[in-house]
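S.K.: Only the shape, not the letters, is given here:
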């Protein structure tokens, strides 16, 4: 009843940071991890060779984490966005990048996986003044991160997976307050 949407919830994250926290990761609640994901995520971040790297993409579906696609390894890679209405840009469906040997630069940030140095969360926190926003939140946050010098990269292989749709038997999400949503959309525009 008191939920205000994913972007508002993400804006609360910096309050959880402690002095000395080096890396921060944001994921969706419906996520599972591969064995050794933490060591591999650090290795992936290091291979980007960029202090301002953000590893980010829409994670692989849980059922596809250990499968070869089209006889090779593919990773979701974000490379398109579109207007869904005036003032609201939304990331497009992920395409595939194949057989990556190091993280691949991407133009877009995704909320499903975001892994970076914690200075990104401290310097560019999610906007707490955007309650009830879902559409457009990723593009808005990505634009803010990019204008602060952060670069986005897709990881080389699935380290986490997500249950998409109702695979976990979900019962729905928060009830959007449309008046609040319109005000937040005007702020994003």
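M.R.: Great, that's in hand. Quantities reported herein were computed from a predicted structural model and do not represent experimental measurements.
S.K.: Now do the residue of the chain positioned farthest from its centre, the pLDDT please.
M.R.: Distance from the C-alpha centroid of the chain, by CA atoms, centre = their mean, peaks at residue 71 (27.0 Å). Model confidence at residue 71, given as pLDDT, is 74.
S.K.: got it, and residue 171?
M.R.: 62.
S.K.: how about the helices of the protein, start to end?
M.R.: 6-10, 37-47, 119-123, 137-147, 178-188 (DSSP state H).
S.K.: closest to residue 107 out of those helices?
M.R.: helix 137-147 (8.2 Å; CB to CB). Just so you know, the C-beta spots here come from the backbone N, C-alpha and C atoms, and that holds for glycine as well.
S.K.: What residues of the closest one count as buried?
M.R.: Across helix 137-147, burial judged by 16 or more other CB atoms under 10 Å covers 137-142, 144-146.
S.K.: And stretch 102-114, by the same measure?
M.R.: 103-104, 106, 108-114.
S.K.: From start to finish, how long is that stretch in a straight line?
M.R.: 17 Å (CA to CA, to the nearest Å).
S.K.: Next: stretch 56-63.
M.R.: Span of stretch 56-63 from end to end, CA to CA: 20 Å.
S.K.: Give me the distance from it to the chain's centre.
M.R.: Here stretch 56-63 is found 10 Å from its chain centre; the criterion is CA atoms, centre = their mean, to the nearest Å.
S.K.: before we move on, back to that, backbone torsions only: list them for the residue farthest from the centre of the chain.
M.R.: Main-chain dihedrals, residue 71, degrees, to the nearest 10: phi 70, psi 20.
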